[in-house]
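J.: Sequence plus predicted model, see below.
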Amino acid sequence: PNPSLQDPSTLALTLEEDSDNFEITMATTSSCRPFYRINRISSHIKQKQLLRRPTVARFLSSQAEDDVLFEDRKYGNVLITLNRQKALNALDGSMVMKLTPKYQAWVNEADKSPRTIVMKGAGGKAFCAGGDIKAIYDSKKQGLPPRECCAFFNDEYVLNQLIGNLPETLPQVAILNGITMGGGVGLSVHGKYRVATDNTMFAMPETAIGFFCDVGGSYFLPRLKRNLGTYLALTGARLVGPEVALAGIATHFVKSESLLDFENELLSSPYTEIENILTRFSVPSSELQEMPESKALWERLDPIERCFGHASVEDIIESLEKESSQEFASMCLKLLKKMSPTSLKVVLRQMQEGAKRDFTQCFKMELLMSERFMERDDFFEGVRALLVDKDKSPKWNPPTLQEVSEEDVSAFFK
């Protein structure tokens, strides 16, 4: 079957086989093409607003000194390598605590010391497969209050906003070579340049674990063309290789065999040369559309636009049922039936609300939503079923869409 239509839980099981300490979140985000980016605002104001929530040391699942590597290069440029290969470079509190002060310092120096930031993941399997939700699950089981369970999200969102508001003299180029989900999307997609490769696999299967599309998903997903963002958010479907660029999640596509030369040129040139370097190494959009890997996305866009533009999850499902003789619609229905009913309805409302809010407002909304999810059962049940007991049989509460009222959904936004 087309890999982009596979069950999100299949990916979780695949990742478990690659990791001795599987702590991968299934949340994601991204940003659209450059013209969707907001104007830069004062980062320190947002930090003060968000950092009112506590930071909890127990979320430091990897306290190794080398879980993030920083390498200085010519012209003040810096290479960041996310370095938790056994966990597919999953983002945890230790990594956030190393990255945030670095970005704050570079922002403060940006006028006098412009530079290019290149971010990549160690190894060839993943850029960053998500954030550490297993530690959050463990903390709740140990009795931590919901607000304190949100400490990791709080700090992660501060870092996401820093990256999304970098000045023009401090551009970031994220090389999305391999699995890119959850926390990894938050680290990359809000930056100015996101480079997909032949190995890129992008997904946001948070509804499969009873959560929502955080790390800025409220902002970029509703702005993807032809209801694509709503489709990705509800079904957890994957995009691979050139599809990630054609969808607008990546800004460029560079073939894997050219990555080393591409990276070296970026790091050995002034930041003003980024556009020229990208032009030389990137595959033009017209060629991307003709690549065999892109065919599936183009074939799905029409039914995505028809079926995923409705105002309710029930209407989306009804629209898909009318086309259930088609493989794509049938697979979407199978995926949606496995997801948390609460998450499905909340995420659809999230897409609707995010379309009306700016970048900062979306993160404020998401911080509130994360706390509401920590107060309820589905997130912890989803993590249990997919990552702890691994029985792949979550018992959602409530178990059906009909039992999730509008009042229930609205409570996540208050």
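T.: Looks like it arrived, so ask away.

J.: hey, where'd the strands end up in the stretch 201-350 of the chain?
T.: 201-203, 238-240, 252-253 (DSSP state E, counting those that start in this stretch).

J.: For the protein, which residues score under the pLDDT cut-off?
T.: 1-63 (pLDDT under 70).

J.: ok, 90 please
T.: Applying pLDDT under 90 to the chain flags the ranges 1-65, 124, 131-135, 139-143, 146-150, 205, 285, 289, 292-296, 298.

J.: before we move on, the earlier item: mind checking the strands of the stretch 201-350 of the chain for the one nearest to M374?
T.: Set against M374 and scored by Cβ to Cβ, the strands of the stretch 201-350 of the chain come closest in strand 201-203, at 22.9 Å. Placement of C-beta: from N, CA and C, glycine included.

J.: Give me whichever of the strands of the stretch 201-350 of the chain is most buried.
T.: Of all the strands of the stretch 201-350 of the chain, strand 201-203 carries the top mean neighbour count, a mean of 26, counting by mean count of other Cβ atoms under 10 Å.

J.: Check the offset of that one from the chain's centre.
T.: 9 Å (Cα atoms, centre = their mean, to the nearest Å).

J.: would you turn the strands of the stretch 201-350 of the chain into a markdown table with distance to C149?
T.: Converted to a markdown table, the strands of the stretch 201-350 of the chain look like this (distance: least, Cβ to Cβ, whole Å):
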| stretch | distance to C149 |
| --- | --- |
| strand 201-203 | 24 |
| strand 238-240 | 28 |
| strand 252-253 | 37 |
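
J.: residues contacting the nearest residue to E321 once chain neighbours are set aside?
T.: Nearest in space to E321, with sequence neighbours left out and distances taken as Cβ to Cβ, 6 or more residues apart in numbering, is L333 at 6.7 Å. Counting by Cβ atoms under 8 Å, 6 or more residues apart in numbering, L333 touches 317, 320-321, 324.

J.: Of the residues you listed, which is the most crowded?
T.: L320 (23 neighbours; other Cβ atoms under 10 Å).

J.: Verify the contact between that residue and R306 for me.
T.: No. L320 sits out of contact with R306 when judged by Cβ atoms under 8 Å, with a separation of 9.3 Å.

J.: Just say helix, strand or coil for I175.
T.: I175 falls in the strand class when you classify it by DSSP: H, G, I helix; E, B strand; the rest coil.

J.: got a list of what the residue lying closest to it once chain neighbours are set aside touches?
T.: Residue nearest to I175 in three dimensions, not counting chain neighbours: K120, with 4.4 Å by Cβ to Cβ, 6+ apart. Residues in contact with K120, defined by Cβ under 8 Å, 6+ apart, are 79-82, 127, 174-175, 177, 263.

J.: so which strand or helix has K120?
T.: Secondary-structure assignment from DSSP states H and E places K120 in strand 117-121.

J.: which of the contacts of L333 lies closest to G229?
T.: L320 (16.9 Å).

J.: circling back: can I get the strand holding K120 in PDB? Just the C-alpha atoms.
T.: Provided in PDB are the C-alpha atoms of strand 117-121 (Å, rounded to 0.1, in the frame of the first residue of the first chain):
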ATOM      1  CA  ILE A 117      21.900  28.200  11.500                       C
ATOM      2  CA  VAL A 118      21.900  24.700  10.000                       C
ATOM      3  CA  MET A 119      20.000  22.100  11.900                       C
ATOM      4  CA  LYS A 120      20.100  18.400  11.200                       C
ATOM      5  CA  GLY A 121      19.600  15.000  12.900                       C
END
